[in-house]
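Chemist: Whatever this is, show me its structure:
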Amino acid sequence: MPSERTTTVQKQMSDTNTRGWINGFIGMLIFSGSLPATRVAVLELDPVFLTGARATIAGVLALGLVLFFKEQRPARHQLLSLAIVAMGVVVGFPLLTALALQYVTSAHSIVFLGLLPLATAAFGVLRGGERPRPVFWFFSMMGSLLVVGFAVSQGVSASLKGDVLMLLAILVCGLGYAEGAQLSRTLGGWQVISWALLLSLPVMALLAGLLMPVSFAEVSLPAWMSLAYVSVFSMLIGFVFWYRGLAQGGIAAVGQLQLLQPFFGLALAATLLHERVSLGMLGVTLAVILCVAGAKRFSR
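Modeler: Predicted coordinates for the structure are as follows:
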């Protein structure tokens, strides 16, 4: 029979794992609103300014967190990983999605999120040196073909720029997620995104200042609310829960919660933006998610 000490350790591990799933789920829900909110914001704000502004606002808040908790500076060998995280999730994904949403609807762009867990897993394989089974690559190819086929069926000539930008956004975000998840094991969950934001703060603040509109008089309340959401929630609070969840519950396990993100995102796009979500779009999203689920299952 297990000793009392062993039972206590097992219970603590179980509780930590449960908290990881809860934190990861909250983070995923927050991220689900990012693309609909960005879509609203880019209708009235320049996408490059939006990228700089959201990172600047989140960076100032991150500075407050670091100072309040008196966090030690990252080690020198961690700076490269933080730079990769910053380029992926602070600069790359927000900028590329903001540019893409000038050409496609948020509902259309959310379909591409079905590839995000796969991109994260693929970069995890490259970073961790794992050797997935051949079935992993089968699901990977099927998921990619489904997304490309959907883009062609929708008239690729009309949204080619948006689709290419979304694919690039998924790639850089997957890299940022994988790098951040690995770094969170030693640096801490919320610390990763906070230091990544601070690392990019000088450049992003300068960018926002240079591209600031001459007048904000014509910017509507929904656009301001969308900017606030992507700055405070998508860029900071969501990552606090997400990276904490990855650290507590395991990267591979909690990372699968990303598979639910397209469903919540499509629901938000239909509810808040009154965008049309066709049965075909839902079908492709479901098929892509199933492919990614299969790839994740055979990733080791």
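
Chemist: Show me the shaky parts of the protein.
Modeler: 1-14, 127-130, 151-152, 154-158, 251-253, 296, 299-300 (pLDDT under 70).

Chemist: Which other helices and strands does the lengthiest helix in it contact?
Modeler: Scanning the chain for the helix with the most residues, using DSSP state H, yields helix 156-187. Identification of packing neighbours for helix 156-187 by 3 or more CB pairs under 8 Å, 6 or more residues apart in numbering; DSSP states H and E yields helix 79-85, helix 93-100, helix 106-111, helix 116-128, helix 134-153, helix 189-210, helix 238-249. Where C-beta positions appear, they are placed from N, C-alpha and C, glycine not excepted.

Chemist: can we see that at 10 Å?
Modeler: Contacts defined by 3 or more CB pairs under 10 Å, 6 or more residues apart in numbering; DSSP states H and E place helix 156-187 against helix 79-85, helix 93-100, helix 106-111, helix 116-128, helix 134-153, helix 189-210, helix 238-249, helix 251-254.

Chemist: Make CSV out of those helices and add distance to residue 39 and mean neighbour count.
Modeler: Formatted as CSV, these follow (distance: least, CB to CB, whole Å; neighbours: other CB atoms under 10 Å):
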stretch, distance to residue 39, mean neighbour count
helix 79-85, 25, 19
helix 93-100, 9, 25
helix 106-111, 4, 26
helix 116-128, 17, 21
helix 134-153, 18, 16
helix 189-210, 20, 21
helix 238-249, 17, 25
helix 251-254, 27, 20
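
Chemist: Tell me, how many residues neighbour residue 256?
Modeler: By other CB atoms under 10 Å, the residues close to residue 256 number 20.

Chemist: my guess is it meets residue 24, correct?
Modeler: Yes: under the criterion of CB atoms under 10 Å, residue 256 makes contact with residue 24 at 9.0 Å.

Chemist: what sits in contact with each of these two?
Modeler: Common contacts of residue 256 and residue 24 (CB atoms under 10 Å, 6 or more residues apart in numbering): residue 250.

Chemist: And the closest residue to residue 273 other than its chain neighbours, how close does it get to residue 197?
Modeler: Using CB to CB, 6 or more residues apart in numbering and skipping residues adjacent in sequence, the residue nearest residue 273 is residue 36, 5.7 Å away. Distance of residue 36 to residue 197, given as CB to CB, to the nearest Å: 22 Å.

Chemist: same check, this time on residue 284
Modeler: Residue 284 is 34 Å from residue 197, where distance means CB to CB.

Chemist: Please apply the same query to residue 34.
Modeler: From residue 34 to residue 197 the distance is 16 Å (CB to CB).

Chemist: show me what contacts residue 43?
Modeler: 101-102, 220, 222-223, 226.

Chemist: Buried among the residues you listed? Make that a ChimeraX selection.
Modeler: To isolate the buried members of the contacts of residue 43 in ChimeraX, using 16 or more other CB atoms under 10 Å:
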select :101,223,226
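
Chemist: Just put the contacts of residue 43 in JSON lines and tack on secondary structure and distance to residue 45.
Modeler: Below are the contacts of residue 43 laid out as JSON lines (DSSP: H, G, I helix; E, B strand; the rest coil; distance: CB to CB, whole Å):
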{"residue": "101", "secondary structure": "coil", "distance to residue 45": "11"}
{"residue": "102", "secondary structure": "coil", "distance to residue 45": "11"}
{"residue": "220", "secondary structure": "coil", "distance to residue 45": "10"}
{"residue": "222", "secondary structure": "helix", "distance to residue 45": "11"}
{"residue": "223", "secondary structure": "helix", "distance to residue 45": "6"}
{"residue": "226", "secondary structure": "helix", "distance to residue 45": "9"}
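
Chemist: With distance to residue 146 added, can I get the contacts of residue 43 in CSV?
Modeler: CSV is the format used below for those (distance: CB to CB, whole Å):
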residue, distance to residue 146
101, 21
102, 24
220, 36
222, 33
223, 33
226, 29
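
Chemist: tell me which of the contacts of residue 43 is nearest to residue 147?
Modeler: Ranked by distance to residue 147 (CB to CB), these are led by residue 101 at 16.8 Å.

Chemist: pretty sure that closest one is touching residue 35, no?
Modeler: Yes: at 7.0 Å, residue 101 and residue 35 qualify as touching, with contact defined as CB under 10 Å.

Chemist: hey, what's in contact with both of these two?
Modeler: In contact with both residue 101 and residue 35: 108-109, 166, using CB under 10 Å, 6+ apart.

Chemist: Give me the distance between residue 100 and residue 133.
Modeler: Separation of residue 100 from residue 133 (CB to CB) stands at 33 Å.

Chemist: again, but for residue 285
Modeler: 25 Å.
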